[in-house]
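Peer 1: predicted model, plus sequence, below.
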Amino acid sequence: ADFNYGADEYDAEGNEEPKALPEGSETMPYIDESPTMSPQLSARGQESGDGVSPTPTDGLGTGGERDAGKGLEMRKLVLSGFLASEEIYINQLEALLLPMKPLKATATTSQPVLTLQQIETIFYKIQDIYEIHKEFYDSLCPKVQQWDSNVTMGHLFQKLASQLGVYKAFVDNYKIALETAEKCSHSNYQFQKISEELKVKGPKDSKESHTSVTMEALLYKPIDRVTRSTLVLHDLLKHTPADHPDYPLLQDALRISQNFLSSINEDIDPRRTAVTTPKGETRQLVKDGFLVELSEGSRKLRHVFLFTDVLLCAKLKKTAVGKHQQYDCKWYVPLADLVFPSPEESEHCPQVHVIPDHELEDMKMKISAIKSEVQKEKANKGQSRAIERLKKKMFENEFWLLLNSPAIPFRIHNRNGKSYLFLLSSDYERSEWREAIQKLQKKDLQAFVLSSVELQVLTGSCFKLRTVHNIPVTSNKDDDESPGLYGFLHVIVHSAKGFKQSANLYCTLEVDSFGYFVSKAKTRVFRDTTEPQWNEEFEIELEGSQSLRILCYEKCYDKTKLNKDNNEIVDKIMGKGQIQLDPQAVQTKNWHMDVIEMNGIKVEFSMKFTSRDMSLKRTPSKKQTGVFGVKISVVTKRERSKVPYIVRQCIEEVEKRGIEEVGIYRISGVATDIQALKAAFDANNKDILVMLSDMDINAIAGTLKLYFRELPEPLLTDRLYPAFMEGIALSDPAAKENCMMHLLRSLPDPNLITFLFLLEHLKRVAEKEPINKMSLHNLATVFGPTLLRPSEVESKAHLTLASDIWSHDVMAQVQVLLYYLQHPPISFTELKRNTLYFSTDV
């Protein structure tokens, strides 16, 4: 195959920002030492007699080839991508060295730009690094160009790793080099001009002759490079047989590189020591927890302690490194003086500033994306430093959500006139606090004032006595907690009774997904009744879910009650309830009927769960006249079309009136509507267009998903599935780009054209994310398994695996689709030219 290799880190505009240190930071820039290892997937043989997927000539991932041949091809892909990025790295080092000679020449004149000492500091070890890499490149290049099974190059990587001492010297000097360059820029205009625009040569095959890059950006390159070399070593080892002469050499090089990265990244983490204080004498801690207090107009997270005779509101003090953590008392109210305002008084409370829903939703999406990144890193045995960094980011986002989502007021009054306001996210929690306080107030309590010493002792005891140690965010949860259910939950919402008066009623269904709840389905409004009979069935996709919530609302048609924030009518919650999804109880083939009781209302519903491997069974249709369960090549040939009619019509309808629908493709359509559309498409019903225009848009979106799910073979084919899994696990961006585009080119034409057609549609849906709340990541989560999940023959091996491997597989399927969704537009004609399509902005 004739591969043209993408160039890594080459930005045509030269706009690449360095991962510079924040102002005043004392630490070295963090070097990412996290290899992304792929799940070990065995190459599966091609099913014979298929006749749909032609065997590509270039041989990556084709059926029947030996693993050795495939490993050889993958090694070449990895090396070629690395070589292209190595060429750019050498050009970058050259650009950095270019001003050094003239600067040195002026240093001894009467008007030096920089002193010799400054030059030595700024360009320290650059010449040595350049020579090491030039020699490495010149030795490796001919080997890759004359590639065959006898080529060995492990000794080159081993030699490169043995010279990392030069990098150690560079890294130790990096911070001072940056500071010196910055100082010299401020004090010398000539040097400022030089350092702002260094000219970097473009790669040999590039149209761009030069790009301008700052000195600061170029000084970061060597730090970035060590990580890149380590990732490439991981990828090479993965595709090198253990008996190959290169294997021990590459292993040695990887060991040296990893040790080097660890030595740079070692950070002493001062362990927190617990404080020991005497217990409060007769007081016992009854309840404690984190609540949001509205204090002087802003939200603050407090730790509230309820003792037998006092409510104490505290915050954890910021302490210096190595000091004991302590609580700082913000206020306390003796329970004898504590009163709750009556409902009438509560109504006159000042307005609480509520964060708009879409901002909260956006943050949930961000958390969801980071969470799947963490799972991916863990599954791929990612370096713990990278996982920690992602968790830190997730914690910050979850903390923001925790602070800003609560909106239910919980007011505490002190008889002496002072009042305090907490905001809670659930009424359930508010009633728990209130009941606990009222129960203690039944005892004979004395009013009192604590002396400063008593207050200090009581506050000091909080640290030792507290029962809630961590802020309630998912990033604080243990890794061994239940991963939840993956698959499809079928729910029929039957009816409800127990309403005191007639109302317009509907229910919504929520499940937790990656740690937070999302609304997945909504019944129609049953008007003017005390006993609504919905009898509607929904299919809800579960992604690590543990609970199902049913909320019952009264629909408000009163235009005067419009919510000023987002112009939507606010409906009143009549009741809400939650049940745990117990994997043992739920996983039966039969419907399981249940009742949730909420505020005197009983909602009847039935549910059954289908695990992902059962629900995504791809069983070919017995009739070959329809479209569901029929091979895509058969359908397009019969229709004389490039993309099946069902795909074009559903997408056209969604784009016409569903592109701004909140949760499009995520919220289930009514199952009976989807079945009606399926039957109409299968029968080639002449009224199909009228049906589509009248049908609920979520049912149309559900029909499209069902079509892809019921294909006898996934759209991205069984044959290429192992190669997609390996391609997405490559760490080097250039190699990944080559591989992923090469795989698309290997797809049969009907599959490829349909995939590109769907891809562009999903990108248009995501453009409306501010309105429809569907990001590229959300869409990839919905469609990834649908388009990639292998057919039953292919997936038998999976059925015995544990659910975490499952979710791990699903993660990889989501990542494959996300890769293409985030990629610049891909055109069929570009792909079909035998040059590899690539983006230079990696």
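Peer 2: Nice, I can see it.

Peer 1: please identify which helix or strand holds Lys763.
Peer 2: For Lys763, the host element (DSSP states H and E) is helix 749-767.

Peer 1: buried residues, the helix or strand that that helix is followed by. List them.
Peer 2: Downstream of helix 749-767, the next assigned helix or strand under DSSP H and E is helix 769-772. By 16 or more other C-beta atoms under 10 Å, the buried positions in helix 769-772 come out as 769, 772. Any C-beta I mention is one placed from the backbone N, CA and C, and that applies to glycine too.

Peer 1: what mean pLDDT does helix 769-772 get?
Peer 2: Averaging pLDDT along helix 769-772 yields 90.

Peer 1: export that helix as CSV, just CAs?
Peer 2: Extracted C-alpha coordinates of helix 769-772, given in CSV (Å, rounded to 0.1, in the frame of the first residue of the first chain):
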residue,chain,number,x,y,z
GLU,A,769,-26.5,21.7,21.3
PRO,A,770,-27.3,25.0,23.1
ILE,A,771,-31.0,24.3,22.3
ASN,A,772,-31.3,20.5,22.0
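
Peer 1: picking that back up, I'd like to know which elements the helix holding Lys763 is packed against.
Peer 2: Other helices and strands packing on helix 749-767, by 3 or more C-beta pairs under 8 Å, 6 or more residues apart in numbering; DSSP states H and E, are helix 632-639, helix 645-657, helix 733-745, helix 776-788, helix 803-822, helix 828-832.

Peer 1: just put those helices in JSON lines and tack on mean pLDDT.
Peer 2: What follows is these, written out as JSON lines (pLDDT from 0 to 100):
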{"stretch": "helix 632-639", "mean pLDDT": "94"}
{"stretch": "helix 645-657", "mean pLDDT": "96"}
{"stretch": "helix 733-745", "mean pLDDT": "93"}
{"stretch": "helix 776-788", "mean pLDDT": "91"}
{"stretch": "helix 803-822", "mean pLDDT": "77"}
{"stretch": "helix 828-832", "mean pLDDT": "86"}
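
Peer 1: nearest to Met725, of those?
Peer 2: Closest to Met725 of the helices and strands packed on helix 749-767, according to C-beta to C-beta: helix 803-822, at 5.5 Å.

Peer 1: okay, that closest one in PDB with CA atoms only?
Peer 2: Extracted in PDB, the C-alpha atoms of helix 803-822 (Å, rounded to 0.1, in the frame of the first residue of the first chain):
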ATOM      1  CA  SER A 803     -20.100  -6.200  32.700                       C
ATOM      2  CA  ASP A 804     -17.000  -4.100  33.300                       C
ATOM      3  CA  ILE A 805     -15.400  -5.600  30.100                       C
ATOM      4  CA  TRP A 806     -18.700  -4.900  28.500                       C
ATOM      5  CA  SER A 807     -18.800  -1.300  29.500                       C
ATOM      6  CA  HIS A 808     -15.100  -1.200  28.400                       C
ATOM      7  CA  ASP A 809     -16.000  -2.400  25.000                       C
ATOM      8  CA  VAL A 810     -18.900   0.000  24.800                       C
ATOM      9  CA  MET A 811     -16.500   2.900  25.700                       C
ATOM     10  CA  ALA A 812     -14.300   1.900  22.800                       C
ATOM     11  CA  GLN A 813     -17.300   1.800  20.400                       C
ATOM     12  CA  VAL A 814     -18.300   5.300  21.600                       C
ATOM     13  CA  GLN A 815     -14.800   6.600  21.200                       C
ATOM     14  CA  VAL A 816     -14.600   5.300  17.600                       C
ATOM     15  CA  LEU A 817     -17.700   7.200  16.600                       C
ATOM     16  CA  LEU A 818     -16.600  10.300  18.600                       C
ATOM     17  CA  TYR A 819     -13.300  10.300  16.700                       C
ATOM     18  CA  TYR A 820     -15.100  10.600  13.300                       C
ATOM     19  CA  LEU A 821     -17.700  13.100  14.700                       C
ATOM     20  CA  GLN A 822     -14.800  15.400  15.900                       C
END
